[in-house]
Each structure stands twice: as structure tokens, then as C-alpha cells.
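In: show me the folded form of this:
(chains A and B)
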Amino acid sequence: EAGVTQSPTHLIKTRGQQATLRCSPISGHTSVYWYQQALGLGLQFLLWYDEGEERNRGNFPPRFSGRQFPNYSSELNVNALELEDSALYLCASTLLWDTEAFFGQGTRLTVV
Amino acid sequence: GQQLNQSPQSMFIQEGEDVSMNCTSSSIFNTWLWYKQDPGEGPVLLIALYKAGELTSNGRLTAQFGITRKDSFLNISASIPSDVGIYFCAGQGSGGGADGLTFGKGTHLIIQP
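Out: Numbers count the residues shown, from 1 in each chain, chains lettered A, B, ... in the order given. Predicted coordinates:
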């Protein structure tokens, strides 16, 4: 069974641009979570999607947004990129209300 | 918001030694999880704990859900080179999936030859 897959693995953008990151959950999982892992800061909860709707978001500005598609895959969009947005962005999927989150390998976003 | 204090921040040990790390929280969690992350990879779930006092093993790994529901520890026995990596604790509160998981900052395990 395929795990959580993310693309691209690496992304380099310049300040002010937009970045789009993609995630495909494990088959049968309806919930997708996005986390930011910045150097030295651990994993910070960004967004939660389930059944196509945004269910909750962490303490991040509105320029971090996303969506979930009917097949439960998800996109994370980051607008007006800032240097501090450079981080590993991790996607995790679960069954609804299940706790055991399974992570993808992440997208390394570098803003220059 | 909820915060997790994970310690130690890093450990330098010899192959074959036992390892112990722990997490404490400022608030109660209903679930504790332990993950391992290798360089360039996403975290991999090692052990999940669902009940206060629960002690669960996965091979050489043992984890416990503290009685107060505000702490958890992970032990690794007889460490081997492939145990090198960053170990994260994570907790989930009463909100279920709504708040995502709260993660500790990780314990970096380094095995000296």
C-alpha cells in the first residue's frame, strides 16, 4: 500500500513569489494535515482538511492556505513568500478523528 | 497554547547502551505518540499510547503514558547504529484532530563508534 506522497521534494522560490505544494494521502484516509518544520522549531501545525473542507488552522497568517480535492489529495499554497518561510513542509494523513498520523517525506521549500 | 518540553535535546551514546528520553506537557493529553525522523525524511510513527499508565513495547522500544497524562517517556534498549536520528514526542488533546498534534522539539540521538 502506498504511503503519503508529497511533491515536489525540493522547491526554490524568490521572496514575494507563490509556492504550491501537493500531497496525496494514504488510500482510505480522508483527513490531511499540514505541518511546517523550520530549523530548530520542531513541527508546527498549519492546516487540517477533511472531506474537502478546512477544519482548523494553526497560528499562521492567511497567506498560508490550501484546499482538499474530491480524491482527498491536498494542496498547500503560500503567497507572498518571505525568507522565514524556508522550511520542510510535511503532510500527514489519518482516518477522520484517528490519532495515528502518517507522514510524507516532505517538501523542502527554500526562499531566496 | 499547549507546549511540550522534550529532553534531552541531544544524546551522545555508545553502541549497545540504553537510551531514555521524555516529554512533559503543560496540559493533559489524551494520546501520546513517538516518532523517529531520519535526515531528509518525514517522521515515522514508532509507538502510540492511548491510556494513562499504558506501557507499550515495539521491539527494543518501550514507551509509557504517564499517570498524570502530562508526560511520556521512550526507552531504547541496546542501541544500534540505525537508531541514529531525531525522536519526537507528540500529543493530542481533547479536541481530537482539530488542533493537530503538538510536537516536542526532538531528541537528537547520536551513536559514537
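In: follow the chain on from the worst-scoring helix or strand of chain B on mean pLDDT and name the next helix or strand.
Out: Counting by mean pLDDT, DSSP states H and E, the weakest-scoring helix or strand in chain B turns out to be strand B:102-103, with a mean of 90. Following strand B:102-103 in sequence order, the next helix or strand is strand B:107-112 (DSSP states H and E).
In: show the average pLDDT along that next one.
Out: Averaging pLDDT along strand B:107-112 yields 93.
In: and stretch A:76-91, by the same measure?
Out: 97.
In: what's the span of it from first residue to last?
Out: For stretch A:76-91, the first-to-last residue distance is 9 Å (CA to CA, to the nearest Å).
In: stretch B:61-70 too?
Out: Its first and final residues considered, stretch B:61-70 spans 20 Å by CA to CA.
In: need the residues that contact it.
Out: Applying CB atoms under 8 Å, 6 or more residues apart in numbering or on different chains, the contact partners of stretch B:61-70 are B:24-30, B:32, B:34, B:46-47, B:49-57, B:72-77. Placement of C-beta: from N, CA and C, glycine included.
In: direction included, what does the strand or helix carrying residue B:6 pair up with?
Out: Element membership of residue B:6 [criterion: DSSP H and E] is strand B:4-7. Sheet pairing of strand B:4-7 (DSSP bridges) gives strand B:19-25 (antiparallel).
In: show me which residues of chain A are close to chain B?
Out: Taking CB under 8 Å from any CB of the partner chain as the contact definition, chain A meets chain B at A:4, A:6, A:31, A:33, A:35, A:40-46, A:48, A:50, A:55-56, A:58-59, A:90, A:92, A:94, A:96-106.
In: and for residue A:55, nearest residue in space, chain neighbours not counted?
Out: Computed as CB to CB, 6 or more residues apart in numbering or on different chains, the closest residue to residue A:55 that is not its neighbour in sequence is residue A:48, at 4.6 Å.
In: what's the burial count for residue B:3?
Out: When neighbours are counted by other CB atoms under 10 Å in any protein chain shown, residue B:3 registers 12.
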